[in-house]
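# no sequence for this one, just the structure:
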């Protein structure tokens, strides 16, 4: 039996578990009455070698807004974007080459309202096993 055959059921189980957990937080169309946001992001989850990864990007130090920050793929809405999801998918394709037809949207999270004049710091820690 080859290794890829063994890993496929693990990968599917991992993805199914992640989908079930995320669907519990799906806001659906609950906030569709709000005006479309100026910016949208995608939180891409990738399954590889039996583990789930969240794809992040590193902004260029040469950018005027938020230089050098780690962020999710996403960006500003364009007039041709039909909705916030279209914005997020287009930006993810532009920034990391993620083709929209390869993306399965599992859920829409509650919109996050951010005032750009304020800065917040998220702290993260990698736990050693």
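Done, it's in. What you see is a predicted model; the values in this text were computed from it and never measured. Numbers count the residues shown, from 1 in each chain.
# So residue 44 sits against residue 105, correct?
No - using Cβ atoms under 8 Å, residue 44 makes no contact with residue 105, being 10.7 Å away. Just so you know, the C-beta spots here come from the backbone N, C-alpha and C atoms, and that holds for glycine as well.
# the more surrounded of these two?
Higher neighbour count among residue 44 and residue 105: residue 44, with 18 against 11, using other Cβ atoms under 10 Å.
# next structured bit after the helix or strand of the chain with the lowest mean pLDDT?
Ranked by mean pLDDT, DSSP states H and E, the helix or strand of the chain with the weakest confidence is helix 3-23, at a mean of 75. Heading C-terminal from helix 3-23, the first helix or strand you meet, by DSSP states H and E, is strand 39-41.
# Need the contact partners of that following strand.
71, 72, 73, 74, 75, 76, 77, 84, 85, 87, 88, 91 (Cβ atoms under 8 Å, 6 or more residues apart in numbering).
# From these, list the buried ones, please.
Those of the contacts of strand 39-41 that meet the buried threshold are 72, 73, 74, 75, 77, 84, 87, 88, 91, by 16 or more other Cβ atoms under 10 Å.
# need these in JSON lines with secondary structure, can you?
Listed next are the buried ones among the contacts of strand 39-41 as JSON lines, based on DSSP: H, G, I helix; E, B strand; the rest coil:
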{"residue": "72", "secondary structure": "coil"}
{"residue": "73", "secondary structure": "coil"}
{"residue": "74", "secondary structure": "strand"}
{"residue": "75", "secondary structure": "strand"}
{"residue": "77", "secondary structure": "coil"}
{"residue": "84", "secondary structure": "helix"}
{"residue": "87", "secondary structure": "helix"}
{"residue": "88", "secondary structure": "helix"}
{"residue": "91", "secondary structure": "helix"}
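# I am finished for the moment; much appreciated.
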